[in-house]
Structure formats: C-alpha cells, structure tokens
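> Sequence plus the predicted model coming up.
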Amino acid sequence: MEYITLNNGSKIPTAGIGTFLLQPADAEQSVITALANGYELIDTANAYMNEKAVGRGMKKSAMKREHIYLSTKLWPSEYADADNAIDRTLERLDTDYIDLLFLHQPIGDYVGAYKAMERAVKDGKVKSLGLSNFPEEKIGEIAKAADIPPAVLQTEAHPYAPQNAVKEYLKDMGTAIMAWYPLGHGDQSLLEEDIFLQLAKKYGKASAQIILRWHTQAGNIVIPGSKNEQHIRDNISIFDFTLTDEEMQQISTLDKNKHYYTATKEALDGYLAFAPNFDSQE
C-alpha cells in the first residue's frame, strides 16, 4: 500500500474500496473480502444505506479498527441537524470515530454542517474533513468559513476528466483528490484506449489496473467499488509496477473534459428533498 499525507498531517491509503450501489449483504461481504486482501480504506455514505453492513464487515474482519481508514458522508437532509446526524452515523457504523467525514452534496446548510463536523473533530469523533461533489465556488465558501480546511475533495476523476484545474485550485489548501468513477463509469472506450491496451500487455496487467495506477501516481486516491472477489483483488494489485514519466504524459493526452455526471439544479434540489430514515437500513 502507498499513502498520501493530508493537510492535517494524517495519512490516507491511496487505494480503497467503495460501496456505492452495493446492497447491505454485498457491502458487508465486500468489506470482509477487501480487508482480507490488503485494503485499508473503506468508503461509504448515509445515502448508500449500507453503513450498518460496512460496520459489520469491519467487525467480522481480522483487521483491528486502528488499521482501517473509514470514510463516510453526511446527506444534505441531515445538514440541519448535523451534530446529531454524526452521532447516528457513528452508531450505524458501530465505531467510536470516523477517519474522514464528507459533506455529500453542495445543497442545504452545508456551511453550518461543516461547522458541526469541525466540532466533531474537536470532540474526537472525526479525524479529517472532506467535501464531495463541491464545485470551486462552494469549496471557497467553506474555506472562508472554516477553521479546519477540507483535507479531501471527492469528485469524478479519470483519464477523460483528470480534474487538472480543480487540483490547481486546491493546491494552496493542500486538499487531496479522491476519485469516484476512477474507471470512467466502466466506459469500454476508455478501457480500450490503445495506450492502456499497450501498457496492460507491457506490465502484465488489465487496463483497469493501469488506469488505477495512473491515478495513484498522479496523486489521486481511488475507491473503485465491486462485489466481485476477483475484481476486488485485482483493483488493489497495482503497487508492484510503476508507469514511466513518458507513459504518464501519454495518458494525460486523453483529457477530453468528459464527465459522466452533471449536478443540475433539479438534481441538487432532489437530493435535499430525499430524506429517508437512514437508521432503518439493514
């Protein structure tokens, strides 16, 4: 495993497993499988409705809690009561602390919720803070109000959209990028780009592994999700080779500013209105 030192001095693994779209039983088993195969980073969220399952998977694994880096996210409908929402999140995960807590979407009282997360850091409930899906102007709004700058921005990033401008914007804050859709939402045209097919042959890897290695060498944290045991193993088997500077440069030419997700006003308003009983999850 390789690590990135965040702007608060803590270290985060550069590769982990995501649990987006995983049903509770699958999320629990994926966590168990991942931790048994060298993973240390697990990512979930209130809205994934599998936090309890993730907590069970962590407890059933042979890995001690202090060796697991756990990230989760508060949903916008929880922002108005964020202090209590954090406590309920801890209860669902059955843990005393969260390593990295994100605000999931830039809608609602996100500044007030971020201040609540800062209080949670001071109370020892949370170690590091992050933002997910926040555009630059709203990151700036948080930064002006914050005592603790965001350590991580979770955002869509892949060779078709490497987020170079966002990285430049975050440089002064020392905020790292955690990439979701790191493989371009499974886009076959990306996976079958000539450069990845050539490098896969050269290094004896799959195209997906080449892309994930590109991410980590570019300074990104990656959280590909899977319930397939072999895919889980493959997605962590990326630290036994190194792409050359020339190869990294070749991959950089694939930038098309192509995104698979756009946060429309209608979508954001819908996120705020989506308020399930997160405690009712299995």
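It's in.
> tally of neighbours for residue 143?
If you count neighbours by other CB atoms under 10 Å, residue 143 ends up with 16. C-beta here means a position set from N, CA and C on the backbone, and glycine is covered the same way.
> did I read that right, it in a strand?
No: assigned with DSSP: H, G, I helix; E, B strand; the rest coil, residue 143 falls outside any strand and is helix.
> That one contacts residue 149, doesn't it?
Yes: Residue 143 lies in contact with residue 149 (CB atoms under 8 Å); the separation is 6.0 Å.
> intersection of neighbour lists for those two?
Counting by CB atoms under 8 Å, 6 or more residues apart in numbering, the common neighbours of residue 143 and residue 149 are residue 173.
> Now stretch 158-175: buried residues?
158-163, 166-167, 169-170, 173, 175 (16 or more other CB atoms under 10 Å).
> With stretch 189-198 instead?
The neighbour-count check on stretch 189-198 (16+ other CB under 10 Å) flags 190-191, 193, 195-196 as buried.
> can you check stretch 102-117 too?
Buried residues in stretch 102-117 (16+ other CB under 10 Å): 102-108, 110-111, 113-117.
> what sits up against that stretch?
Stretch 102-117 has contacts (CB under 8 Å, 6+ apart) with 45-47, 71-80, 82-83, 85-86, 101, 126, 129-135, 138, 141-142, 145-146, 152, 154, 263, 268-269, 271-272.
> 7 Å instead?
For stretch 102-117, contacts defined as CB atoms under 7 Å, 6 or more residues apart in numbering pick out 45, 47, 71, 73-76, 79-80, 82-83, 86, 101, 126, 129-135, 138, 141-142, 145-146, 154, 268, 271-272.
> Please apply the same query to stretch 42-55.
16-20, 22, 24-25, 27-28, 31, 34, 58, 68, 70-75, 78, 89, 92-95, 104, 223, 278, 281-282.
> from those residues, which ones fall inside strands?
If you go by DSSP state E, the contacts of stretch 42-55 have 16-18, 70-74 in strands.
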